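Enquirer: from the sequence below, what's the structure:
(chains A and B)
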Amino acid sequence: MNSQTVDRPAADSSPVTNAKLLRLLVSARLRSQTAYRGSFAADVAGQMMLALTEFVELYAIVHNIPTFGGMTFAQALLVFAFASVGFSIGDLILGETDSMSEAIRTGKLEVLLIRPLPVLLQLMTSDFQLRRVGRLVFALIALAAALFLTDIQWDPAKVALFIVTPLAGAAIFGALFVGAGAVQFWLLDGRQFANAFTYGGRYVASMPGAAMFLPLQVFFTFVVPATLVAYAPSLVLLGLDGPAGIPSWTGWLGLPAAVVLWGLMLLLWRAAIRKYTGAGG
Amino acid sequence: MRAYWELAKSSFRRHSTYRLAAFSGAFTNSVFGLIRASLLLSAISTAGGSIGGYSAVEAATYVWLGQALLSPLGIFGSAELASRVKSGDIAVDLSRSVNLTASYWAQDLGRAAFDILPRGVPPLVIGALVTGLSLPTSAGPYVLGFVSVLAALTLNFLGFFVINLLSFWVVEIRGYWMLYMVLMNLLSGFLVPVTWFPQWMLDFARATPFPSMLQTPVDILAGRTDGAQSLALVGVQLLWLAVLLAGTQLMVRYGSRKLVVQGG
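Expert: The predicted model follows:
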């Protein structure tokens, strides 16, 4: 962070570029987040605890039984870890679009619209939530532990899949957050409706898919691609067969699904911004 | 007394304006119910019939009652007081001739009275259709269950009120809020019944007020506990109620001295 630029932007005579504006917004955000130290520390601790409780929830089920949805504890941990890494990156970058209805109601969106930058880009950078890094750190530790505990027969294709999976997962959750933000332009009071797909998707992604009712398996694979984030690629890596609704070839669908979903959600987002008529501010 | 009744009524009306919010909340609670029920049922069938004293239909009932009650019980709380401290509007609240805690509690009761139908019934109907429910056939569990729901709702209110009251001392409470939510979600039995926990975690959860905030009313309403056990559980709830109430009263007393409201 270059504090010189931040403290005295007017004294800098070079032209104001988009990159400079973004840097200004991000660094101001970061400083404001750390201003209340007690709350910030509790916040980071809370994010790590949140990741921990998500893990404990899985553990509270699995420690009672030898396998869960056909997976051992270590295999289920791999699914959980992939989903957590993907979700925490997606949430870190685009989680803020989740509170779009509040931005609309309070008129904050109008402030974003008059700046000469795309709204989505501003949401991605201006509300970068430092505290959410705590969750990502925990997720990466879980992923390392899962790799250590499971026995994967590596080949080049599996290595590629392993690298692509968390990135595709982050992209899928990012797209879901953008979609959740977009529908709030129509359903101002219906914010919770979108939670079924974003947070519901996270919940589904982090569990062995075979443990779900068949219609849920199909829906969360082919409509909302939540099982493609972690469970389906884990099946391929571990050499396991998938259940009826999530055949193991779906393990390779993560990246294509992310691309398609982004296309659809960006269209939805554009329609939403066009529909916006202002809060009268 | 009349003032509190009016506060509760206006809060009921305020929440009944947001029908779409209630509908979308019920939808999302039902989707989560489907996911949670299928996970627990899958685990129970692998275990060969029951885990932690819950058979398949009992675990499903646990999930659906929990999903139906979580909005009325106020599991996700309200940050209204803290935002009024931030804006300075708290000065108006404190200059009124009503008790601060009681006036917010009355408003929370009004909210809960509205939430119970539009947000509570849909998950139960879906549960009855998808997995079936095991509900008691005698009146006792429902009567005691009602008392327990009322106690749990008040406990949830007081728990979040404590976090809100921290704003008298610190400007930003979001982190404390987050930490509280995470602990409460896990230890209240919101995710899985606390009897599914490993022993050390179960002991820890039972030493906190959190199981009294969700698991207790759900178990009593489902008829899982007999009369004497239910009475004992409600007794535990009342004990925690006294502790939290004393805590909030102390915080209000010392916090309002500490409070600085800027400007006029």
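Enquirer: mind telling me which residue is nearest the centre of the chain?
Expert: This is for chain A. For chain A, the residue nearest the mean C-alpha position is residue A:90 (2.6 Å; C-alpha atoms, centre = their mean).
Enquirer: oops, wrong one, chain B.
Expert: The C-alpha lying nearest the average C-alpha coordinate of chain B belongs to residue B:73 (C-alpha atoms, centre = their mean; 3.3 Å).
Enquirer: can you classify it as helix, strand or coil?
Expert: Per DSSP: H, G, I helix; E, B strand; the rest coil, the local secondary structure of residue B:73 is coil.
Enquirer: hang on, it packs against residue B:153?
Expert: Yes - with contact defined as C-beta atoms under 8 Å, residue B:73 and residue B:153 form a contacting pair (5.2 Å). C-beta coordinates here come from the backbone N, C-alpha and C atoms, glycine included.
Enquirer: overlap of the contact sets of these two?
Expert: Here residue B:73 and residue B:153 have residue B:112 as joint contacts, going by C-beta atoms under 8 Å, 6 or more residues apart in numbering or on different chains.
Enquirer: just to revisit the earlier point, which residues touch the residue nearest to the centre of chain B?
Expert: B:112, B:149, B:152-153, B:156, B:213-214, B:217.
Enquirer: give me the element the residue nearest to the centre of chain A is part of.
Expert: helix A:73-94 (DSSP states H and E).
Enquirer: ok, residues contacting whichever helix or strand comes after that helix?
Expert: Note on helix A:73-94: by DSSP H and E, the next helix or strand toward the C-terminus is helix A:100-106. Residues outside helix A:100-106 that contact it (C-beta under 8 Å, 6+ apart): A:108-109, A:112, A:180-182, A:184-185, A:187-191, A:276, A:279.
Enquirer: most neighbours, which of the residues you listed?
Expert: The most neighbours of any of the contacts of helix A:100-106, using other C-beta atoms under 10 Å in any protein chain shown, belong to residue A:181, which has 29 neighbours.
Enquirer: that one and residue A:268 touch, don't they?
Expert: No - at 9.3 Å, residue A:181 does not count as touching residue A:268 under the criterion of C-beta under 8 Å.
Enquirer: state the distance from the closest residue to residue A:113 other than its chain neighbours to residue A:132.
Expert: Leaving aside its chain neighbours, residue A:113 sits nearest to residue A:119 (6.3 Å; criterion: C-beta to C-beta, 6 or more residues apart in numbering or on different chains). Distance, residue A:119 to residue A:132, using C-beta to C-beta, to the nearest Å: 20 Å.
Enquirer: then residue A:216?
Expert: Distance, residue A:216 to residue A:132, by C-beta to C-beta: 28 Å.
Enquirer: which of those two has more neighbours?
Expert: Neighbours were counted for residue A:216 and for residue A:132 using other C-beta under 10 Å; residue A:216 has more, 22 against 18.
Enquirer: if we can go back for a sec, in strands only, show me the contacts of residue B:73.
Expert: Using DSSP state E, no member of these falls in strands.
Enquirer: quick one: contacts for the residue nearest to residue A:113?
Expert: Counting by C-beta under 8 Å, 6+ apart, residue A:119 touches A:109, A:112-113, A:273.
Enquirer: of these, closest to chain B?
Expert: The nearest member of the contacts of residue A:119 to chain B, counting by C-beta to the nearest C-beta, is residue A:109 at 19.3 Å.
Enquirer: any idea of the pLDDT on that closest one?
Expert: Per-residue confidence (pLDDT) for residue A:109: 84.
Enquirer: remind me which helix or strand it belongs to.
Expert: Per DSSP H and E: helix A:108-114 holds residue A:109.
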